[in-house]
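*Asks:* Let me see the structure of the following:
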Amino acid sequence: GAGAGAAGTPSTSGLPPRPLAPLPAMPLPWEDVQRLEMLERLKREFFMPPLVENPYIVNHVVGEGAYGVVVSATDTRTGEEVAIKRIVCVFDEPGESTRILRELKFLRLLSAHPNVITLRDVLLPADPTTFNDVFLVFELLPSDLSRVLRCAHLVRLSIAHKRSIMFQLLRGVAFLHASSVFHRDIKASNVLLDDDCQVRICDFGLARALLPGSPVPAAGGPAWTDYVATRWYRAPELLLSPSAVAYSTAIDVWSVGCIFAELLCDGAPLFPGVDRQDMVLRMAALLGVPSPAYIAGVADGAARRFLAAIPPPPAVGHHRRRRR
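*Replies:* Have a look, this model is predicted:
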């Protein structure tokens, strides 16, 4: 439940942090009549074609994306409000259907943890011959960390809030790694929050499992895709050699560290690079240029030459004592 993650949550006062202030309604990209009519039509047609059993009534649209639409809905059996994600055209491409199946398996196996999103139900179509969309029913959380940070002028996170969020996020990621699961897309928008500042990690579409003793596949090998983590949260080993490097669960820990920096800087990203090269340059400017031994071990030749060409940051010399 929502309160399951509260136990053991650290706080400066020994008590859980105060609930977050209510967030404003998510603004629409544009508030014209045509878009509002489209959203109303979407609410009416969200469950078309008909499903085998549908006890849910759509309340409003929560979000839209390339994958489909997310709505909040009420379960008429219990009165509980839930989130329903409709993923469209899952069988148009074999890779997409495989990704959805993989995500469903991870959610089924991992959602018992208090810091992982809970999958409540999967709705089935009445006519299997027209089955092309998937409806996933989740617990409803009102916001995500990215949105909270964007609304920093309205919702101030205290030190206790930030400590609690990081504790729960690290606990959830530790559970994934103990289960031999790489999330591979940890970012602020995939960290859901409720009003009591309880954390749920979501979106396992890029996640992979690694059996103990198995070699870690290269990011660009036939088993794993080379799109791993959103750019600002991507670890340097993925930026330097995405098609050859065999990476570890450390890539998730790097992403968590980037989120920690955002929390400390009230939402300012740590490495807001515009491309891979810009990301690496920003990392070098903040953390220093890698050693020659490290550069020599980079498998990708272009990445190795790029690193070797980065000038070292200016040395900070000692102030000379003025002569009298």
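*Asks:* hey, let's count contacts and neighbours off CA atoms from now on
*Replies:* Will do.
*Asks:* Check the gap between Ser255 and Thr118 for me.
*Replies:* Here the criterion is C-alpha to C-alpha, to the nearest Å. By it, Ser255 lies 22 Å from Thr118.
*Asks:* Sorry, slip of the keys, the one I care about is Ile84.
*Replies:* As judged by C-alpha to C-alpha, Ile84 and Thr118 stand 12 Å apart.
*Asks:* Show me which of these two is the more surrounded one.
*Replies:* Ile84 (29 against 21; other C-alpha atoms under 10 Å).
*Asks:* Can I take it that the more buried one is in a helix?
*Replies:* No: applying DSSP: H, G, I helix; E, B strand; the rest coil, one finds Ile84 to be strand, outside a helix.
*Asks:* For it, give the beta-bridge partners.
*Replies:* Val71, Val137 (DSSP bridges).
*Asks:* Quick check: mean pLDDT of stretch 204-224?
*Replies:* Mean pLDDT, computed over stretch 204-224, is 65.
*Asks:* circling back: what sits in contact with each of Ile84 and Thr118?
*Replies:* Residues touching both Ile84 and Thr118 by C-alpha atoms under 8 Å, 6 or more residues apart in numbering: Phe138.
*Asks:* low-confidence ranges in the stretch 201-324 of the chain?
*Replies:* Counting by pLDDT under 70, the stretch 201-324 of the chain has low-confidence residues at 211-229, 242-246, 315-324.
*Asks:* what ranges do the strands span in it?
*Replies:* Here the stretch 201-324 of the chain has its strands, by DSSP state E, counting those that start in this stretch, at 208-209.
*Asks:* domain assignment for this protein?
*Replies:* Residue ranges for the domains of the chain, per automatic domain parsing: 35-139, 143-308.
*Asks:* Of all those domains, which one is nearest Pro314?
*Replies:* Proximity to Pro314, assessed across those by C-alpha to C-alpha, is greatest for domain 143-308 (9.9 Å).
*Asks:* Quick check: which of the domains of the chain is buried the most?
*Replies:* domain 143-308 (a mean of 18; mean count of other C-alpha atoms under 10 Å).
*Asks:* Now do that one: distance to the chain's middle.
*Replies:* 9 Å (C-alpha atoms, centre = their mean, to the nearest Å).
*Asks:* same question, stretch 138-147
*Replies:* 11 Å.
*Asks:* Now do that stretch: everything it contacts.
*Replies:* Contacts made with stretch 138-147 from outside it, assessed by C-alpha under 8 Å, 6+ apart, are listed as 23, 72, 81-85, 117-121, 188-195, 267.
*Asks:* Please apply the same query to stretch 58-75.
*Replies:* 26, 39, 43-44, 46, 55-57, 80-88, 140.
*Asks:* I am finished for the moment; much appreciated.
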